[in-house]
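Visitor: prediction below, plus the sequence it came from.
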Amino acid sequence: MELVETLVIVGVVVAMALALAFFASSMVSQKTGVEQLDIQYAFNGSSKLTIHIRNRGTQPTSVTLVRVDGRAYPQSVYIQPGGTATVTVEVEGSLPVHEVVVVTSSGTEYPRYVKP
């Protein structure tokens, strides 16, 4: 009988610890927010690059800069959580692959290598 009682107590303690950990992690993520962007692209013709950005995070964010092959294109695009935005830039040169970096107001960079 002592073994069953011990197992029940251990089970209750583990369940309470898991519940507390889940509660604490949800409180932290609600207070701090998460920035997570999903970047898609498409070339229109030979020199226009259209970048589709979806904010999959839990906090609003702003795209402040797009760099293509090191060339900076300043932006001012605000995206709510779950929202989308589209940015179009002119791409110079006919490289087989372009380096595209989307930079947000928090300083986070989202690099992609794209083919025309």
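Guide: Received, thanks. Numbering: from 1, shown residues only.

Visitor: ranges for the strands of this protein?
Guide: With DSSP state E as the definition, the chain shows strands at residue ranges 37-44, 48-55, 61-68, 71-79, 84-90, 98-104, 109-114.

Visitor: is it possible to get TSV of the ones you listed that adds mean pLDDT, mean neighbour count and distance to Ala24?
Guide: Where you see a C-beta, it was placed from the backbone N, CA and C, and this is true even at glycine. Putting these into TSV (pLDDT from 0 to 100; neighbours: other C-beta atoms under 10 Å; distance: least, C-beta to C-beta, whole Å) gives the following:
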stretch	mean pLDDT	mean neighbour count	distance to Ala24
strand 37-44	81	14	27
strand 48-55	90	18	25
strand 61-68	93	19	25
strand 71-79	93	14	28
strand 84-90	90	14	32
strand 98-104	91	19	27
strand 109-114	90	13	29
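
Visitor: so can I have CSV of those showing distance to Val12?
Guide: Putting these into CSV (distance: least, C-beta to C-beta, whole Å) gives the following:
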stretch, distance to Val12
strand 37-44, 41
strand 48-55, 41
strand 61-68, 42
strand 71-79, 44
strand 84-90, 46
strand 98-104, 44
strand 109-114, 44
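
Visitor: of the ones you listed, which is nearest Leu7?
Guide: Nearest of the strands of the chain to Leu7, taken as C-beta to C-beta: strand 37-44 at 45.4 Å.
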